[in-house]
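Provided below are the primary sequence and the corresponding predicted coordinates.
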2 protein chains.
Amino acid sequence: MSEKAIQDYYPDEYSHCYGCGRLNEHGLQIKSYWNGEESVCKFQPKPYHLALPGFVYGGLIASLIDCHAIGTAAAAKYGAEKRAPGTDPPLRFVTASLHVDYLAPTPIDAALELRGRVKEAKERKVIVDVSLSANGRTCARGEVTGVLMPESMMSKTQTVAGKFSHEKLDQCHKVV
Amino acid sequence: MSEKAIQDYYPDEYSHCYGCGRLNEHGLQIKSYWNGEESVCKFQPKPYHLALPGFVYGGLIASLIDCHAIGTAAAAKYGAEKRAPGTDPPLRFVTASLHVDYLAPTPIDAALELRGRVKEAKERKVIVDVSLSANGRTCARGEVTGVLMPESMMSKTQTVAGKFSHEKLDQCHKVV
């Protein structure tokens, strides 16, 4: 398994995501690790990530599956291009669609484990299957279609990030 | 449109959800209103609910669609049973599956509007379609399958809620 998380290779301007951005201090900051075939992420929900007393909120599960799959897509694409992760030009995927089946209630006090595998890969699109388990039991399965960020969005992101500057983005993150 | 939000009719023990629970002080506390045919929810993302600078995080969009649809399912079911919302026994749905198509990047500075309609209703299962728009443009569409909470989960929730007590749950919510 890689020693450095997939998300830690993202360039700074793509590292503000609430789910996986290392620069978003309010966010979940998930970390996904890749072994060339499969990605793994471990996450401990906070006590307030409740759906109902005792059980994890489905929106958190969807969020974890989304970001873990998008990271998996990037890692797999770097591998397919025989490039070291993080090399330029950066490969940053965005979510085109997300599907989650909730198979069993997920206990709030357990560490969650997500495992992702590429189901289908095309030039600009990757479909990733993710399973989420707690205490060894599969509680949810997800399928995420990621597409390479369109040029238009990439340039707008860079414009916005440039306009904001990191100092201003940092201020955004500090707004509660 | 109803004056009281669907979620404000949920009994206290089902009102701790991170997405829509009025008793979860860390959560999103969304409010959905029902007019007998359609439900509406307005939500202003926080500046840190980012995917990339300028755009809303897909996990937040999935979370809003999930909770809004589950509220819609409850409101529609009360209507189908010709019962006033909130009357006993409570009708609380949980999510069996969630599908979201992300159609366009969602601007972070816009108020979001969600609209939900029942696509299909059976005895214990309701499928709800939700659209999410910003500045009049549809940015995402979702389909959520909700099922009435199974007896086993209901009794476990009540046991856990009883064991926790509201005081202890309040403490959970205060853990950062």
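That came in fine, so what should we check first? Numbering: from 1, shown residues only, chains lettered A, B, ... in the order given.

all helices in chain A, in order from the N-terminus.
Secondary structure of chain A by DSSP state H: the helices cover A:58-80, A:151-174.

which stretch in those is the model least sure about?
Sorting these by mean pLDDT places helix A:151-174 lowest, at a mean of 56.

low-confidence ranges in chain A?
Within chain A, the stretches with pLDDT under 70 are A:152-176.

Give me the most central residue, chain A.
A:C67 (1.7 Å; C-alpha atoms, centre = their mean).

May I ask you to confirm that that residue is in contact with A:G19?
Yes - counting by C-beta atoms under 8 Å, A:C67 does reach A:G19; the two are 3.6 Å apart. Any C-beta I mention is one placed from the backbone N, CA and C, and that applies to glycine too.

Could you name every residue contacting both of the two?
A:L28, A:I30, B:G59 (C-beta atoms under 8 Å, 6 or more residues apart in numbering or on different chains).

these two touch, right, A:I65 and A:L98?
Yes - counting by C-beta under 8 Å, A:I65 does reach A:L98; the two are 7.1 Å apart.

so what's in contact with the two at the same time?
With C-beta under 8 Å, 6+ apart as the test, A:I65 and A:L98 both reach A:G142, A:V144.

any idea where the strands of chain A begin and end?
A:32-34, A:39-43, A:50-52, A:55-56, A:93-102, A:112-121, A:125-134, A:137-148 (DSSP state E).

so which of these comes closest to A:A80?
strand A:112-121 (6.4 Å; C-beta to C-beta).

Restricting to C-alpha, output the closest one in PDB.
Output in PDB follows, covering the C-alpha atoms of strand A:112-121 (Å, rounded to 0.1, in the frame of the first residue of the first chain):
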ATOM      1  CA  LEU A 112     -15.300   2.500   8.900                       C
ATOM      2  CA  GLU A 113     -13.200   0.900   6.100                       C
ATOM      3  CA  LEU A 114     -13.700   1.700   2.500                       C
ATOM      4  CA  ARG A 115     -12.200  -0.300  -0.400                       C
ATOM      5  CA  GLY A 116     -12.300   0.900  -4.000                       C
ATOM      6  CA  ARG A 117     -11.600  -0.800  -7.300                       C
ATOM      7  CA  VAL A 118     -11.900   0.400 -10.900                       C
ATOM      8  CA  LYS A 119     -14.800  -1.200 -12.700                       C
ATOM      9  CA  GLU A 120     -14.300   0.500 -16.000                       C
ATOM     10  CA  ALA A 121     -11.800   3.000 -17.400                       C
END
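
quick one: buried residues of stretch A:2-20?
Under the neighbour-count criterion of 16 or more other C-beta atoms under 10 Å in any protein chain shown, stretch A:2-20 has A:2, A:5-10, A:13-20 buried.

What backbone torsions are found at the residue of chain A most remote from its centre?
Ranking residues of chain A by C-alpha distance from their mean position (C-alpha atoms, centre = their mean) puts A:P53 at the top, at 26.1 Å. Torsion angles at A:P53 (phi, psi; degrees, to the nearest 10) stand at phi -50, psi 120.

Residues contacting stretch A:102-114, please?
A:32, A:39-45, A:47, A:49-51, A:54-56, A:58, A:61, A:64-65, A:68, A:130-135, A:137-141, B:94-98, B:153, B:156.

Show me which residues of it are buried.
Buried, per 16+ other C-beta under 10 Å, within stretch A:102-114: A:Y102, A:L103, A:P105, A:T106, A:P107, A:I108, A:A110, A:L112, A:E113, A:L114.

again, but for stretch A:128-140
A:V128, A:D129, A:V130, A:S131, A:L132, A:S133, A:A134, A:C139, A:A140.

what's near enough to touch A:C139?
A:V56, A:I61, A:Y102, A:L103, A:A104, A:P105, A:T106, A:L112, A:L132, A:S133.

now it: how far from B:F43?
27 Å (C-beta to C-beta, to the nearest Å).

A:A51: what's it in contact with?
With C-beta under 8 Å, 6+ apart, A:A51 has these contacts: A:Y57, A:G58, A:P105, B:C17, B:Y18, B:V94.

would CSV of those residues with distance to A:T145 be doable?
Formatted as CSV, the contacts of A:A51 follow (distance: C-beta to C-beta, whole Å):
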residue, distance to A:T145
A:Y57, 23
A:G58, 19
A:P105, 27
B:C17, 27
B:Y18, 25
B:V94, 25
